[in-house]
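Peer 1: sequence unknown, structure follows:
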């Protein structure tokens, strides 16, 4: 099943991916920085989804308060039904 996530606060307009047996497959970003996101898509093919979310969560892009990587982490956590305590 393909997961579709509409991110906020970043240049990418949509993120899609599959999670099978806890691993990420077919990750695609629509919009955003092509070189960086192409590298991210290649690096994360077959990666552990939860570990990926833990690593990428809180990664920021400039003064946006989020990033494509951070939004991917949020998408993964939502897909896995993981609740993450927000920093105060």
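Peer 2: Nice, I can see it. In this text the structure is predicted, and so the values were computed from the model without any measurement. Residues are numbered from 1 along each chain as shown.
Peer 1: the protein: strands as residue ranges?
Peer 2: Ranges of strands within the chain are 2-5, 14-20, 23-30, based on DSSP state E.
Peer 1: end to end, how far does stretch 52-69 reach?
Peer 2: As for stretch 52-69, its first-to-last residue distance stands at 9 Å under the measure Cα to Cα, to the nearest Å.
Peer 1: quick one: buried residues of that stretch?
Peer 2: 52, 53, 56, 61, 66, 67, 68, 69 (16 or more other Cβ atoms under 10 Å). No exception for glycine: its C-beta is placed from N, CA and C like everyone else's.
Peer 1: and for stretch 37-52?
Peer 2: Of the residues in stretch 37-52, those with enough neighbours to count as buried (16+ other Cβ under 10 Å) are 37, 40, 41, 44, 49, 50, 52.
Peer 1: state the pLDDT value of the nearest residue to residue 28 once chain neighbours are set aside.
Peer 2: If you skip the residues right next to it in sequence, residue 28 has residue 16 as its closest partner in space, 4.9 Å away by Cβ to Cβ, 6 or more residues apart in numbering. We have a pLDDT of 98 for residue 16.
Peer 1: oh, and call the first residue 609 from now on, that's how I've got it
Peer 2: Sounds good: first residue 609 from here, last item residue 624.
Peer 1: so what's residue 624 bridging to?
Peer 2: Beta bridges link residue 624 to residue 612, residue 636 when assigned by DSSP bridges.
Peer 1: isn't it right up against residue 610?
Peer 2: Yes: shown here, residue 624 and residue 610 form a contact pair, counting by Cβ atoms under 8 Å, at 5.5 Å.
Peer 1: who's more crowded, these two?
Peer 2: residue 624 (14 against 10; other Cβ atoms under 10 Å).
Peer 1: list phi and psi for residue 618.
Peer 2: According to degrees, to the nearest 10, the main-chain angles of residue 618 amount to phi -130, psi 170.
Peer 1: residues contacting it?
Peer 2: With Cβ atoms under 8 Å, 6 or more residues apart in numbering as the criterion, the residues that contact residue 618 are 640, 669, 672, 674, 675, 676, 679.
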